[in-house]
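J.: Return atomic coordinates for the entry below.
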Amino acid sequence: MNETLKLLAKRARERLKTAGEISQKPQKQAYLSAGTTYMVVANMKQIEDDPMFAKVKKVLEREKEEIILNPIAYVIDKKLISTLSRQEREKYILKTTKRFNEIKRYIIKNNLLA
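T.: Next comes the predicted model:
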């Protein structure tokens, strides 16, 4: 019983770590534990639901009119990044860049620019 609880807690922490990642399709994961099947259905989060979606779209629309050298600078949270350590800052920028590129591909693929 105690081992089962530890296993479930570990899996919950792993889900929390990946909660900020974007997926275009709903994800389903099944876990078997102590003879009972636990079904965990991930958030059915779409790219359009991402808070960064509107910012990325705005940057892409601005790129039509002017050259933007650092588009990531337009979407990062400047207050948050100023409080982070160097390692945390690098990690934040890499994750933000990944999200930016995923959203950009989605917008271009689905022709969502005005």
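
J.: Let me see the domain layout of this protein.
T.: 2-41, 47-109 (automatic domain parsing).

J.: which residues of this structure fall in strands?
T.: Taking DSSP state E as the test, the strands found in the chain are 28-33, 36-41.

J.: most tightly surrounded among the domains of the chain?
T.: Greatest average neighbour count among the domains of the chain goes to domain 47-109 (a mean of 13), per mean count of other Cβ atoms under 10 Å. Quick note: C-beta positions are derived from backbone N, CA and C, even for glycine.

J.: Straight-line length of that domain, end to end?
T.: From its first residue to its last, domain 47-109 covers 12 Å (Cα to Cα, to the nearest Å).

J.: Where among the strands of the chain is average confidence lowest?
T.: Note on the strands of the chain: strand 36-41 shows the lowest mean pLDDT, a mean of 38.

J.: Just to check, residue 52 is in contact with residue 101?
T.: No. In this structure residue 52 lies outside contact range of residue 101 using Cβ atoms under 8 Å: 11.1 Å.

J.: Name the helix or strand of the chain that has the lowest mean pLDDT.
T.: Ranked by mean pLDDT, DSSP states H and E, the weakest helix or strand in the chain is strand 36-41, scoring a mean of 38.

J.: Could you tell me the least trusted of the domains of the chain?
T.: Among the domains of the chain, domain 2-41 has the lowest mean pLDDT, at a mean of 58.

J.: right, and residue 47 touches residue 105 too?
T.: No. Residue 47 is not in contact with residue 105 according to Cβ under 8 Å; the separation is 9.3 Å.

J.: Identify the contacts common to these two.
T.: When Cβ atoms under 8 Å, 6 or more residues apart in numbering defines a contact, no residue borders residue 47 and residue 105 alike.

J.: In terms of secondary structure, what does the longest helix seen in the chain contact?
T.: Using DSSP state H to define each element, the chain has its longest helix at helix 86-109. Packing partners of helix 86-109 (3 or more Cβ pairs under 8 Å, 6 or more residues apart in numbering; DSSP states H and E): helix 53-63, helix 72-75, helix 78-83.
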